[in-house]
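1. Sequence plus the predicted model coming up.
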Amino acid sequence: MMRRFQSIQYRLFVLFLLSMSGIVLAVSLLFYNRTTVQFHDKVSELARKNVSQTAGLFELLLGSYNSLSKSISNNMDLVRLLTTDSSDLPAVNYINERTITNILGAIYYSREDLIGIHVITDTGKVYNYGNYMNVIDTHYEHTEWYKEIRKSAGKIAWLGVYPHSVIDQVETRPVFAFGRQLYDLDEHKPIGIVLFEAEPRSVLSALHNLRLGTNSQVYLLGHENRIVSATSSDPPPDLQNLEQQVPEEDVIVNRSNERVVIASKLPFADWSVISVTPSEDLNVELVQNQRYLFIVAPILIIVSALIASIVSRSISLPLKRVIREMKRVETGNFRHTVNTKSYEEINQLATSFNHMVRRIAELIELVRISSVSEKNAELHALQTQVNPHFLYNTLDMIYWMLDEKGQDQLGEVVLSLSHMFRYSSQWEEGTDVSLREEVEQVGHYLTIIQARLEGRVSVDINIEERWMDIRLPKMTLQPLIENAVKHGLEPLHADTGGKLLVRVEEYGGVLSLHIIDNGAGMEYERWEVVQVALAEPGKQAGSGQAGGIGLQNLNLRLRHMFGEGYGLRISSVPGAGTTVTVSVPLPQKEEKHEYSDS
């Protein structure tokens, strides 16, 4: 289980899931918070507009009622009749009362919403117009509404909405009552009051305009927070402090967890209008948004999990295939390759892995072939050793016997043969030697060849001293020169002088040793077979071998020692000769110093 938690697929899945889920939750919270702020701002703006609209309705309504009250207080005929003392003649009193009633009736019928008009003089006379069955409350002087009108000092007094008439005991309909004190304009003294009672539907309709929800409560407060009107019979909350904070002609919106309170003062009366709405009524849209987010957010998280799983698998599965192939390579199986179609980086990784596996397989095969060739060369050298010490001693004895008899040339041949046997049979010291040792070995071989060919071959070896310490595989030059003599120079006619040249040149950090002969050369078909054998180690070059070490084996040993960029190159022209080039890398200065010290 712990290994699963440490896998790249699991960690990528967790990383993507947490990242995408975090983004979803953050966006959801930001969206909800932003929606909440915008919703509250809209509610506040809507409340201000409703208050402004309601204030306008009240201004029109109360303005019309104010004009209505002035039509009585400024009626000079009515004031004169009210100030005239009662006459002793009943007919005169009847006419006066009839005239006052007619004036009140004309005003009453000028509006459809009036329920009653009541004029009460300071002398105690009461004039009514409205209900035909008036029963006047005789204790009106002790009522609050009467005292409030008397205190108004000529200004209109807005009494408010009542469940029934404040003066007519027979009138049971709800009324909106307001009044004004009447003055004798000539003597500037009060002569009574006028009380209007109208239908309250206009006032209640204006108050209902302030409701923001079905459970909203709207209160119209007068002086000292007296409830002028309300849309509910429930008692209002403690709004005294809030009402006192409301500036003139401005709106206050107070939001809390339980309710939203909107308050404003009306500019034309000592009234304040306050709307109280429970938060549940206003948060319906927010609750719907919450439910929407509670549904959408889990769905998005599930989708995020699916996307995270797909993305993590698309990354981890190709890597798992690469790991599986790596384990096969660990067991020595180099035949399989990884085929992926994933992200560019993973595709490059798989391609590089395939190239590496193929290269390792090629190198293993090259090492195997080179090792086989090396072992074959060593085996052949061992086979030729037939008691080497006895052979060396015998050759030395023959040399001294020939020397005693004056056979100098034959003695030199025997001595050279002894040196060649010693050089070729000593493989235990390693397979790399210096160019100097190779040149010495070639010299012994050429001594024997020149004696055998009786001077028909001229040899010119021109190698600078600074290259003599270059390291080469053992038996590099001797097989090449043996091939040049055997296949190129020996077939020449006796009258044609054979030439063998050995040259060295340096170019671009590569040292090239050229073995050049003017012999018979190779036909194109033969040259092509040799080229294929050098390029493809599995194919044979035919009879192009000397001393048991063929060109193919030599080329493999050169590549094994120096790399693929080095080895043998052969160029040949039939009848004109052959050139074999050995390419080896130049050592660094410190490496040259090591060679010179060895």
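-> Yep, it's here.
2. CA atoms for contacts and neighbours, from now on please.
-> OK.
3. count of neighbours near the closest residue to I156 other than its chain neighbours?
-> Among residues not flanking I156 along the chain, R180 sits closest, at 4.7 Å (Cα to Cα, 6 or more residues apart in numbering). R180 is flanked by 28 other residues according to other Cα atoms under 10 Å.
4. list the buried ones in the host helix or strand of R180?
-> Secondary structure from DSSP states H and E places R180 in strand 175-184. By 16 or more other Cα atoms under 10 Å, the buried positions in strand 175-184 come out as V175, F176, A177, F178, G179, R180, Q181, L182, Y183, D184.
5. again with stretch 17-29
-> Buried residues in stretch 17-29, counted by 16+ other Cα under 10 Å: L17, L18, M20, S21, V24, L25, S28.
6. swap in stretch 209-218?
-> By 16+ other Cα under 10 Å, the buried positions in stretch 209-218 come out as L210, R211, L212, S216, Q217, V218.
7. contacting residues around that stretch?
-> Contact with stretch 209-218 is made by 47, 50-51, 54, 207-208, 230-232, 273-278, 281-282, as judged by Cα atoms under 8 Å, 6 or more residues apart in numbering.
8. quick one: which of those residues sit in strands?
-> A230, V273, I274, S275, V276, T277, P278 (DSSP state E).
9. Run through the stretch 101-250 of the chain and note the low-pLDDT ranges.
-> Within the stretch 101-250 of the chain, the ranges that satisfy pLDDT under 70 run 131-132, 213, 223-225, 232-250.
10. Now do the strands in it.
-> In the stretch 101-250 of the chain, the segments counted as strands under DSSP state E, counting those that start in this stretch are 114-121, 126-129, 157-162, 175-184, 189-198, 217-221, 227-230.
11. could those go into JSON lines alongside distance to A305?
-> Formatted as JSON lines, those follow (distance: least, Cα to Cα, whole Å):
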{"stretch": "strand 114-121", "distance to A305": "72"}
{"stretch": "strand 126-129", "distance to A305": "81"}
{"stretch": "strand 157-162", "distance to A305": "64"}
{"stretch": "strand 175-184", "distance to A305": "67"}
{"stretch": "strand 189-198", "distance to A305": "69"}
{"stretch": "strand 217-221", "distance to A305": "49"}
{"stretch": "strand 227-230", "distance to A305": "56"}
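12. G565 is nearest to which of those strands?
-> strand 217-221 (98.2 Å; Cα to Cα).
13. Return the list of strands paired to that closest one, each annotated with direction.
-> strand 227-230 (antiparallel), strand 272-278 (antiparallel) (DSSP bridges).
14. chain center to it: distance?
-> 55 Å (Cα atoms, centre = their mean, to the nearest Å).
15. That strand to strand 157-162, inter-axis angle?
-> Here the directions of strand 217-221 and strand 157-162 differ by 150 degrees (axes from the mean of the first three to the mean of the last three Cα atoms, to 10 degrees).
16. what's around Q478, how many residues?
-> So Q478, with other Cα under 10 Å, has 23 neighbours.
17. Excluding chain neighbours, what is closest to it?
-> Nearest residue to Q478, sequence neighbours excluded (Cα to Cα, 6+ apart): V442, at 5.4 Å.
18. wait, isn't the one you found in contact with L477?
-> Yes. Taking Cα atoms under 8 Å as the definition, V442 is a contact partner of L477 at 6.9 Å.
19. Report how many residues lie close to L453.
-> 13.
20. State the phi and psi torsions of the closest residue in space to it that isn't next to it in sequence.
-> Nearest in space to L453, with sequence neighbours left out and distances taken as Cα to Cα, 6+ apart, is E490 at 8.0 Å. In terms of degrees, to the nearest 10, the main-chain angles of E490 are phi -60, psi -40.
21. what's the distance between the nearest residue to P585 once chain neighbours are set aside and V582?
-> Computed as Cα to Cα, 6+ apart, the closest residue to P585 that is not its neighbour in sequence is V510, at 4.7 Å. Computed as Cα to Cα, to the nearest Å, the V510 to V582 distance reads 10 Å.
22. Tell me which of the two has more neighbours.
-> More crowded of V510 and V582, by other Cα under 10 Å: V582, with 23 against 16.
23. Parallel or antiparallel, which strands does the strand or helix carrying the more buried one pair with?
-> Using DSSP H and E, V582 maps to strand 577-585. Strand 577-585 sits in its sheet next to strand 510-517 (antiparallel), strand 567-573 (antiparallel), going by DSSP bridges.
24. helices and strands around whatever helix or strand comes next after the first one, which ones?
-> The one in question is strand 510-517. Reading on from strand 510-517 to the C-terminus, the next helix or strand found by DSSP H and E is helix 524-535. Here helix 524-535 touches helix 551-562, strand 567-573, going by 3 or more Cα pairs under 8 Å, 6 or more residues apart in numbering; DSSP states H and E.
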